[in-house]
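In: I would like the atomic coordinates for the input below:
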Amino acid sequence: MESNNSFKIASIYIGTVIGAGFASGQEIMQFFTKYGIRGLYGILVASVLFSLIGSFILLKVYRHRIQSYEQLLRPALGSVIGRLVEGLLSLLLLSGYCIMLAGSGALFQQQFGLSKAYGILFMSLITFIIFLFSIRGLAWINTVVVPILFMGIIGISTWVISHWGLTLSNEVGSSFNSYTGNWMTSALLYVSYNSIGATVVMCSLLPLINSSKAAWEGGIMGGLGLGLLAMFLLIPTLIFYTDIHGMEIPMMAIATKVGSPIKIGYGILLWLAMLTTAIADGFVLIQSIEKRMPRYHVLNCLIFCMAAIPLANLGFKNLVNTLYPAFGYIGIGVALLLLFRR
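Out: Presented below is the predicted three-dimensional model:
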């Protein structure tokens with residue numbers, strides 16, 4: 001039973017982080033690929049940090065019987081700072097959900113030649129249906145989708161390596177941008193952004209954490225799994241960097257080079273990855289809303305999904321480039337507060 005719960009917890013952890021930015025290759029391009037082979041060092045650092053942070057938070061949730069991120073923040077930060085951080089985290093969750101909707105729109109346009117609006121509306125509809133089933137839907141979708149994502153990402157990366165070799169088009173790396181100064185800074189920002197969102201989700205997993213072993217195993221498995229997936233995304237983006245630089249969905253462009261069936265298959269995998277993160281972000285934010293409006297579950301889900309649609313129309317790449325680094329810095333601040341204040 002414990003091992004099953006560990007896998008469920010790890011799957012939700014991975015599914016929360018892996019979303020549109022990760023599985024599309026856009027996050028890997030922005031935070032790691034541009035540094036060439038040195039991006040691998042950043043991924044190794046990120047994997048260790050993901051494992052440590054995941055285990056720490058899940059153990060804290062289990063030992064202190066934490067059921068929401070408010071219960072984690074208030075005792076550590078106090079009422080005033082806690083409320084401020086809660087507001088920032090709510091904005092983080094909303095922006096994360098919008099990025100997944102925008103990613104779905106970009107995918108529909110690039111993969112099927114359809115309007116972005118169709119992809120955004122379809123994702124919004126599916127997430128609304130799953131939100132109605134609360135944590136059962138969250139757990140089920142991740143335990144089914146995450147293993148499929150592993151097979152798909154590792155499979156396409158292995159295919160690329162076997163056919164094109166390990167000749168890297170970006171060995172030296174490109175110039176640093178204004179947000180991330182080097183591969184270490186990128187790794188820290190990447191982990192801080194994603195882990196603060198994952199922490200919020202993990203605070204809602206107490207019903208699944210039936211032992212301390214399940215907690216730390218789930219954190220370690222989740223962190224190592226994220227590192228492994230990131231590595232298998234980094235390698236093909238390094239090989240094809242000059243061809244895919246500037247594209248909204250780099251891995252889809254790589255899948256196109258492999259062949260039409262692979263392109264279609266990866267498009268489905270990518271959409272499922274977006275779905276898991278959208279569900280995780282939306283699930284926690286809706287839970288927070290329902291503490292104030294507990295009797296209106298269906299209405300809360302509907303309003304949340306509809307309100308996110310206009311923001312999603314800002315565009316996938318624009319949202320990733322702007323919000324991810326910004327919330328990375330916020331994540332570092334929140335993490336430091338949690339570590340040094342009781």
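In: The helix or strand containing Met151: which residues count as buried?
Out: Using DSSP states H and E, Met151 sits within helix 134-164. Buried residues in helix 134-164, counting neighbours by 16 or more other CB atoms under 10 Å, are found at 134, 137-139, 141-143, 145-146, 149-150, 152-153, 155-157, 159-160. The C-beta positions use only the backbone N, C-alpha and C, and glycine is treated the same way.
In: So which elements touch that helix?
Out: Where contact means 3 or more CB pairs under 8 Å, 6 or more residues apart in numbering; DSSP states H and E, helix 134-164 is packed against helix 2-18, helix 116-131, helix 212-239, helix 250-258, helix 260-290.
In: just checking, next helix/strand downstream of the longest one?
Out: Using DSSP H and E, the helix or strand that follows helix 260-290 in sequence is helix 297-312.
In: Could you check the angle that next one makes with helix 134-164?
Out: Counting by axes from the mean of the first three to the mean of the last three CA atoms, to 10 degrees, helix 297-312 points 40 degrees away from the direction of helix 134-164.
In: avg pLDDT for helix 297-312?
Out: Helix 297-312 shows an average pLDDT of 87 in the prediction.
In: Outside of it itself, list whatever touches it.
Out: 94-95, 97-99, 101-102, 105, 120-121, 124-125, 127-128, 131-132, 282, 285-286, 289-290, 293 (CB atoms under 8 Å, 6 or more residues apart in numbering).
In: The lengthiest helix in the chain: which residues count as buried?
Out: The residue-count maximum for a helix in the chain (DSSP state H) belongs to helix 79-112. Buried residues in helix 79-112, counting neighbours by 16+ other CB under 10 Å, are found at 82, 85-86, 88-90, 92-111.
In: Okay, now the unreliable bits of the stretch 51-200 of the chain?
Out: Residues of the stretch 51-200 of the chain meeting the criterion pLDDT under 70: 167-181.
In: circling back to that earlier point, after the helix holding Met151 comes which helix or strand?
Out: helix 183-202.
In: ok, now how distant is Gly103 from Ala312?
Out: Remark: distance between Gly103 and Ala312 (CB to CB, to the nearest Å) = 9 Å.
In: again, but for Tyr190
Out: Tyr190 is 22 Å from Ala312, by CB to CB.
In: what's the spacing between Phe108 and Ile286?
Out: 25 Å.
In: whoops, Ala187 was the one
Out: 31 Å.
In: between these two, which one's more packed in?
Out: The neighbour comparison of Ala187 against Ile286 (other CB atoms under 10 Å) goes to Ala187, with 24 against 20.
In: Count the residues that sit near the closest residue to that one other than its chain neighbours.
Out: Using CB to CB, 6 or more residues apart in numbering and skipping residues adjacent in sequence, the residue nearest Ala187 is Gly42, 3.8 Å away. Residues lying near Gly42 (other CB under 10 Å) number 27.
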